[in-house]
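Asks: Turn this into a structure:
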Amino acid sequence: MLQAFLNLSRNKKRLISVLSDTVFLSFALWASFALRLEESTWLPSTDQLLVCGLTVGVSLVIFVKLGLYRAIIRYLSDKAFVTISIGVGGSALTLIALAYLLNVFVPRSVPIIYGALAFIFVSSTRMGIRMLVGRPRQRNKEPVAIVGAGETGIQLAEALRQGMQYQPMMFVTYRRANHDTLIHGLPVYGIKHIETGIRKHRAKRLLLALDPDTRLDRRQLLRDLESLSIPVQTVPSMSELVSGRARINDIRDLELEDLLGREPVSPDSALVASSLFEKSVMVTGAGGSIGSELCRQILRQRPARLILFEQTEYALYAIERELRSINAIEDLGVELHAALGSVIHRRRCEAIMRAFGVHTVYHAAAYKHVPLVEHNIIEGVQNNTFGTWHVAEAAIETGVERFVLVSTDKAVRPTNVMGASKRLAELVLQGLAERQSDTRFTMVRFGNVLGSSGSVVPLFRDQIRDGGPVTVTHPDIIRYFMTIPEASQLVLQAGSMGQGGEVFVLDMGEPVKIVDLARKMIHLMGLSEKTEETPDGDIEVRFTGLRPGEKLYEELLIGDDPQGTSHPRIMMAREASMPWVDVESLLKKLSLASQNFDCARIAELIREAPTGYAPNGEVADLVWCHSALPEVKPEGDVRRLGA
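Replies: Below is the predicted model:
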């Protein structure tokens with residue numbers, strides 16, 4: 001019967017609601033007189049019947065004007081009950097006014113009794129229907145617990161109640177004052193009693209909904225949640241909500257920044273703004289993970305123009321479209337220019353810089369995937385080392401004021417060509433800084449960035465969802481991590497601080513053991529690790545061995561005596577350098593070896609330079625290795641086979 005009512009057209013539902021309210025109001029009037037006069041068989045006089053009829057009619061008009069019949073019952077909110085209260089109050093006043101105007105006997109307590117009964121009848125029926133309609137939907141939703149009883153958690157609970165997937169059952173809080181209370185009808189449990197609450201309410205998932213200003217040890221929180229056997233997810237950040245990129249109920253898996261619980265680097269906004277405001281800025285590799293974030297942050301500093309330089313057509317198209325949207329929405333008024341090209345083409349770079357009067361270059365274009373560069377040595381050196389040299393020479397030729405290189409921790413005592421090619425790029429800029437003083441060259445090193453192409457977290461997540469195994473190269477391998485916005489902010493900060501030839505590094509805190517990260521992800525996704533001791537576990541962690549050029553420990557400094565800077569989290573390394581004459585000679589030898597496709601000679605030259613290059617294996621270039629194989633001759637006469 002209820003389903004039949006729900007399937008009716010909107011007009012028919014409204015008609016039924018009007019008729020039912022007519023019955024409820026009429027019965028409330030009769031009951032009010034009967035209770036007041038203590039006569040269960042009370043019958044109204046003609047005048048009283050007229051007053052009651054007019055009261056019901058006027059009340060229905062009031063309900064219509066207030067929009068009560070436009071509300072969809074299953075989505076009734078608190079505002080609907082305020083509307084009912086106003087409507088019933090108006091109905092009671094109508095009864096008093098009509099009795100006075102028509103001089104009809106109506107006891108003074110009857111309107112009060114009538115108002116109370118009418119509110120109960122009109123509101124309770126709607127509430128009852130809403131509960132009956134919602135019960136099947138709630139039954140089919142997955143019960144969840146919300147960690148965080150602040151504004152974010154409350155907003156999430158309300159959004160989930162209206163949704164079709166999750167049903168909030170409880171809140172979890174660190175605040176002792178909120179423990180053992182009710183918020184919006186949901187019980188609140190302290191973190192120490194979370195297991196009890198989960199068992200009692202049969203929660204299948206934990207959703208992190210912490211307010212941005214919440215002060216707590218996030219690492220400790222995740223350690224507390226890791227021991228539970230249910231998945232842990234989170235809601236979008238406040239910046240994503242404010243910008244409209246996400247909604248409060250867009251549940252997502254934990255990212256590495258959530259897992260690490262690191263505090264972000266706080267920038268010196270005034271210093272950064274002074275070096276970018278109303279300047280002409282060029283970003284190479286603008287479509288990459290670091291380059292694109294640099295562009296976003298530079299754009300909001302309102303440069304006069306921003307030149308996006310990228311060799312991948314789609315990446316350039318995507319970042320240009322995004323930046324144009326931000327530029328228009330925030331009314332920044334920045335000139336945007338998208339230029340296709342490669343950093344190894346010096347004349348192309350020079351032409352762009354001269355055409356747009358570039359003041360500052362952020363050089364983020366690079367090949368950075370260690371095994372791929374190890375298998376493509378010449379291309380890695382050409383792009384990372386010679387590309388940096390060509391862009392830098394173009395900057396000097398066109399009078400660029402600042403040139404900032406995005407470097408890597410893998411450039412420190414490198415065991416792979418990628419890191420060695422980046423260290424060579426640093427040596428090139430150090431040599432150029434010594435050769436001239438018009439263009440200030442600055443280098444910035446940082447560790448692995450979260451969410452970049454090739455990041456380990458998406459890989460582990462996909463492997464866990466596929467049932468494992470999770471592959472880790474070595475049980476002792478460690479890495480430093482930071483977020484892309486952090487890394488980009490550091491680059492901008494260091495670019496503003498640099499005076500010429502410095503290598504800046506970030507105090508990145510404690511390194512992360514990759515196998516511990518993998519196990520943490522398994523546990524926080526509600527699964528258990530499969531080991532010899534626990535053969536019934538869900539996901540196995542399998543060690544595959546170090547890849548070509550990969551090393552166990554990444555470092556951020558070569559010198560052991562770093563200097564502090566004006567920023568508490570930024571240091572300046574003391575690095576060995578080469579005179580420009582020696583750098584130029586090295587580049588000529590590398591160029592000749594590249595033209596001869598002599599990968600062994602390239603490795604030898606890198607090793608002889610002050611790069612600290614110490615490969616942990618033989619040359620692994622794919623083409624080089626296959627060219628060294630004996631030629632395979634086809635069996636029989638090919639011409640005769642094809643005849």
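Asks: Show me what counts as buried in the helix or strand where residue 429 lies.
Replies: Residue 429 belongs to helix 417-435 when assigned by DSSP states H and E. Neighbour-count burial for helix 417-435, with 16 or more other CB atoms under 10 Å as criterion, is recorded at 417-434. For every residue, glycine as well, the C-beta is placed using N, CA and C.
Asks: Run through the stretch 351-500 of the chain and note the low-pLDDT ranges.
Replies: 447-455, 480, 498 (pLDDT under 70).
Asks: Based on its surroundings, how many neighbours for the residue nearest to residue 390 when sequence neighbours are not counted?
Replies: Distance criterion CB to CB, 6 or more residues apart in numbering; nearest residue to residue 390, sequence neighbours excluded, is residue 346 at 3.9 Å. By the criterion of other CB atoms under 10 Å, residue 346 has 17 neighbours.
Asks: tell me the contacts of residue 346?
Replies: Residues in contact with residue 346 (CB atoms under 8 Å, 6 or more residues apart in numbering) are 390-391, 393-394.
Asks: Those in helices, which ones?
Replies: 390-391, 393-394 (DSSP state H).
Asks: Test my guess that residue 463 contacts residue 457.
Replies: No: under the criterion of CB atoms under 8 Å, residue 463 is not in contact with residue 457, lying 10.8 Å apart.
Asks: Find the residues that touch each one of those two.
Replies: Common neighbours of residue 463 and residue 457 (CB under 8 Å, 6+ apart) do not exist.
Asks: Can you show me the strands along the stretch 451-600 of the chain?
Replies: 470-472, 478-479, 481-483, 502-506, 512-513, 529-530, 539-543, 563-564, 570-573 (DSSP state E, counting those that start in this stretch).
Asks: do the same with the stretch 51-200 of the chain
Replies: Counting by DSSP E, counting those that start in this stretch, the strands of the stretch 51-200 of the chain are 142-147, 166-173, 182-183, 186-190.
Asks: rank the ones you listed by mean pLDDT and give me the bottom one.
Replies: When these are ranked by mean pLDDT, strand 182-183 comes last with a mean of 78.
Asks: That one packs against which elements?
Replies: Here strand 182-183 touches no other helix or strand, going by 3 or more CB pairs under 8 Å, 6 or more residues apart in numbering; DSSP states H and E.
Asks: what's in contact with that strand?
Replies: Residues outside strand 182-183 that contact it (CB under 8 Å, 6+ apart): 149, 154, 157, 171, 188.
Asks: Measure how buried the residue lying closest to the third one once chain neighbours are set aside is and give me the count.
Replies: This points to residue 157. Spatial nearest neighbour of residue 157, excluding adjacent residues (CB to CB, 6+ apart): residue 168 at 4.2 Å. By other CB under 10 Å, 25 other residues sit near residue 168.
Asks: I figured residue 168 hits residue 146, correct?
Replies: Yes: look at residue 168 against residue 146 with CB under 8 Å: they come within range, at 5.6 Å.
Asks: who touches both of those two?
Replies: 156-157, 186.
Asks: Dump those residues into JSON lines; add neighbour count and distance to residue 353 as well.
Replies: Shown next, in JSON lines, are the shared contacts of residue 168 and residue 146 (neighbours: other CB atoms under 10 Å; distance: CB to CB, whole Å):
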{"residue": "156", "neighbour count": "23", "distance to residue 353": "49"}
{"residue": "157", "neighbour count": "27", "distance to residue 353": "54"}
{"residue": "186", "neighbour count": "20", "distance to residue 353": "60"}
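Asks: Looking at the residues you listed, spot the one nearest residue 61.
Replies: Distance to residue 61, by CB to CB, is smallest for residue 157 among the shared contacts of residue 168 and residue 146, at 37.5 Å.
Asks: Let me know the pLDDT of that closest one.
Replies: 82.
Asks: Now do the contacts for it.
Replies: By CB under 8 Å, 6+ apart, the residues touching residue 157 are 146, 168, 171, 183-184, 186.
Asks: could those residues go into a markdown table alongside distance to residue 583?
Replies: Below are the contacts of residue 157 laid out as a markdown table (distance: CB to CB, whole Å):
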| residue | distance to residue 583 |
| --- | --- |
| 146 | 58 |
| 168 | 63 |
| 171 | 62 |
| 183 | 65 |
| 184 | 67 |
| 186 | 66 |
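Asks: coming back round to it: between the ones in helices among the contacts of residue 346, which sits nearest residue 620?
Replies: The closest of the ones in helices among the contacts of residue 346 to residue 620 turns out to be residue 390 (CB to CB; 26.3 Å).
Asks: Give me the number of neighbouring residues for the closest one.
Replies: 21.
Asks: Wait, it touches residue 348, no?
Replies: No: assessed by CB under 8 Å, residue 390 is found out of contact with residue 348, at 9.1 Å.
Asks: returning to what we had before: turn the contacts of strand 182-183 into JSON lines, columns for distance to residue 210.
Replies: As requested, these are exported to JSON lines (distance: CB to CB, whole Å):
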{"residue": "149", "distance to residue 210": "10"}
{"residue": "154", "distance to residue 210": "12"}
{"residue": "157", "distance to residue 210": "14"}
{"residue": "171", "distance to residue 210": "12"}
{"residue": "188", "distance to residue 210": "15"}
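Asks: List just the nearest of those to residue 235.
Replies: Closest to residue 235, out of all of the contacts of strand 182-183 and judged by CB to CB, is residue 157, at 11.0 Å.
Asks: what's the distance between the closest one and residue 19?
Replies: Plainly put, residue 157 is 36 Å away from residue 19 if you go by CB to CB, to the nearest Å.
Asks: same check, this time on residue 616
Replies: Taking CB to CB, one finds residue 616 at 84 Å from residue 19.
Asks: same question, residue 144
Replies: Taking CB to CB, one finds residue 144 at 40 Å from residue 19.
Asks: okay, these two: which has more neighbours?
Replies: residue 144 (24 against 11).
Asks: Can you pull out the low-pLDDT segments for the stretch 1-150 of the chain?
Replies: Along the stretch 1-150 of the chain, the parts satisfying pLDDT under 70 run over 1-13, 38-42, 68-80, 128-140.
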